[in-house]
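Visitor: show me how the following folds:
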Amino acid sequence: MKNTNLQEIFARYLSGEASPKEVRFLLQQFGKKENETELKAAIRRQLEAGHEMPEPIEKSWESVLQDTYQAIKVQISHKNQIEDDVKTLHQIHIRRWWRYSIAAAMAVLVASSVFIFFNHKKGSSVQTRTEIVQRRDIAPGGNKAILTLSNGTSIGLDSTKNGVIFLQGNTKVVKQNNGLLSFNNVGSGKATRTLYNTITTPRGGQYEVVLSDGTKVWLNAASSIRFPNEFTGNVREVRVTGEAYFEVTDNTQMPFKVLVNDMTVQVLGTHFNVMAYKDEPVAKITLLNGAVKVTDGDKNVLLNPGEQAQVNLKGQLTKVENVDLQGTIAWKNNQFWFNGDDIQTVMRELSRWYNVNVIIKGEIPQHFGGDISRNIYVSKVFEALQATSHLQYKIQDSTIIVSP
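Guide: Numbers count the residues shown, from 1 in each chain. Coordinates of the predicted model:
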């Protein structure tokens with residue numbers, strides 16, 4: 001397209017008249033170095049159009065335009081995948097949501113990244129003040145965890161180089177390049193001593209570990225698993241806090257047990273999810289395939305695939321059938337999945353993943369349903385929630401304030 005067309009599209013965009021194709025084209029232009037001068041000029045014309053201009057202040061304007069231009073480029077880096085990352089919520093058409101999200105990529109930046117105040121006083125020289133306000137946003141979580149060895153030594157896995165970290169008895173500990181830690185049994189003899197390790201994910205972290213028997217475990221944010229460097233005896237036993245998904249290697253001679261809170265989950269070879277955060281009103285054990293027995297005190301239930309054991313704060317153990325399995329393990333697939341959840345439930349999940357404190361002010365009666373990527377900035381999640389409600393939010397450092 002010609003330069004005049006680029007300027008015209010930019011103007012139509014700001015007036016809300018640009019088509020989805022033109023919006024996509026415009027966003028692409030902000031990623032091209034050769035367009036920087038022209039786009040800065042277009043930004044300046046739009047800003048000038050909305051203010052009474054004092055004497056020229058080229059130095060201030062250049063600073064303003066540079067910061068605005070760079071802010072838009074940064075925003076584009078995680079906006080171009082919106083159509084893939086942001087899926088429709090219930091009662092939202094994907095086209096309308098896509099157009100809304102793409103437009104927000106620049107409208108918010110142009111409107112709120114830069115505020116220019118011109119103060120005029122009669123009988124005195126013109127005073128100017130340029131205040132640049134960068135839009136606050138919070139990045140999603142990622143592969144972060146701490147490995148604590150039996151002797152108390154702690155290793156930050158996200159900052160540790162890939163490859164063999166150390167040998168522990170007959171076990172070789174290897175860090176992979178995709179947020180995976182594996183404990184490989186390389187010895188043929190019996191373990192001389194069982195050593196217990198703990199992997200802990202912080203708020204805003206997740207990690208995957210392969211235990212010495214081949215069992216795979218995915219840890220969600222603010223979770224942990226304590227396990228031996230290799231399993232010995234007649235039972236394989238681990239302890240979990242927070243949320244974890246298991247794919248247990250089959251071994252009928254050595255049952256697998258998961259200790260969580262006051263519960264015990266006993267399996268042979270199966271796939272299941274454990275969700276037992278201290279701030280959640282109900283702990284949930286969900287079975288995807290195989291069979292498990294969940295015991296809490298003197299009570300127990302047997303689960304078949306698609307069923308869930310729940311323990312509330314009063315210690316009451318119940319079984320729920322026909323559970324939404326896709327929603328249960330959505331976090332493992334980097335998705336938020338809301339199914340008629342209230343605002344408190346939604347905010348607890350966002351708080352853990354984005355490592356923020358959330359304050360809810362006032363009553364927000366809406367319930368939320370739908371799925372959205374966990375790989376996007378927190379502002380995009382709130383834009384999706386706002387599409388079906390009237391809630392407002394404000395980010396202040398590491399705190400998000402939500403109100404009706």
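Visitor: make it CA atoms for all contacts and neighbour counts henceforth
Guide: Noted.
Visitor: direction included, what does the lengthiest strand in the chain pair against?
Guide: Looking across the chain with DSSP state E, the single longest strand is strand 236-247. Sheet pairing here is set by DSSP bridges, and for strand 236-247 it gives strand 216-219 (antiparallel), strand 223-228 (antiparallel), strand 256-260 (parallel), strand 271-276 (antiparallel).
Visitor: could I get these as TSV with mean neighbour count, distance to residue 293 and mean pLDDT?
Guide: Below are the strands paired with strand 236-247 laid out as TSV (neighbours: other C-alpha atoms under 10 Å; distance: least, C-alpha to C-alpha, whole Å; pLDDT from 0 to 100):
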stretch	mean neighbour count	distance to residue 293	mean pLDDT
strand 216-219	22	19	96
strand 223-228	23	20	96
strand 256-260	21	10	95
strand 271-276	23	11	96
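Visitor: want to try a markdown table for these, with distance to residue 183 as columns?
Guide: Below are the strands paired with strand 236-247 laid out as a markdown table (distance: least, C-alpha to C-alpha, whole Å):
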| stretch | distance to residue 183 |
| --- | --- |
| strand 216-219 | 10 |
| strand 223-228 | 10 |
| strand 256-260 | 17 |
| strand 271-276 | 20 |
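Visitor: just the residues contacting the longest strand of the chain, thanks.
Guide: 215-228, 231, 254-261, 269-278, 329, 332 (C-alpha atoms under 8 Å, 6 or more residues apart in numbering).
Visitor: just the helices in this structure please.
Guide: Secondary structure of the chain by DSSP state H: the helices cover 3-14, 20-29, 36-49, 58-77, 82-85, 94-112, 325-328, 343-354, 378-386.
Visitor: tell me the mean pLDDT for the second one?
Guide: Meaning helix 20-29. Throughout helix 20-29, pLDDT has a mean value of 70.
Visitor: returning to that earlier point: next, the buried residues of the longest strand of the chain.
Guide: Buried residues in strand 236-247, defined by neighbour count with 16 or more other C-alpha atoms under 10 Å: 236, 237, 238, 240, 241, 242, 243, 244, 245, 246, 247.
Visitor: do the same with stretch 208-217
Guide: Those would be 208, 209, 210, 211, 212, 213, 214, 215, 216, 217, for stretch 208-217 by 16+ other C-alpha under 10 Å.
Visitor: next, count neighbours for residue 363.
Guide: 11 (other C-alpha atoms under 10 Å).
Visitor: I misspoke; the intended subject was residue 316.
Guide: Using other C-alpha under 10 Å, residue 316 has 11 other residues around it.
Visitor: same check on residue 159?
Guide: 10.
Visitor: quick one: mean pLDDT for stretch 348-367?
Guide: Averaging pLDDT along stretch 348-367 gives 94.
Visitor: now that stretch: how far from the chain's centre is it?
Guide: For stretch 348-367, the gap between its own C-alpha mean and the chain's C-alpha mean amounts to 14 Å (C-alpha atoms, centre = their mean, to the nearest Å).
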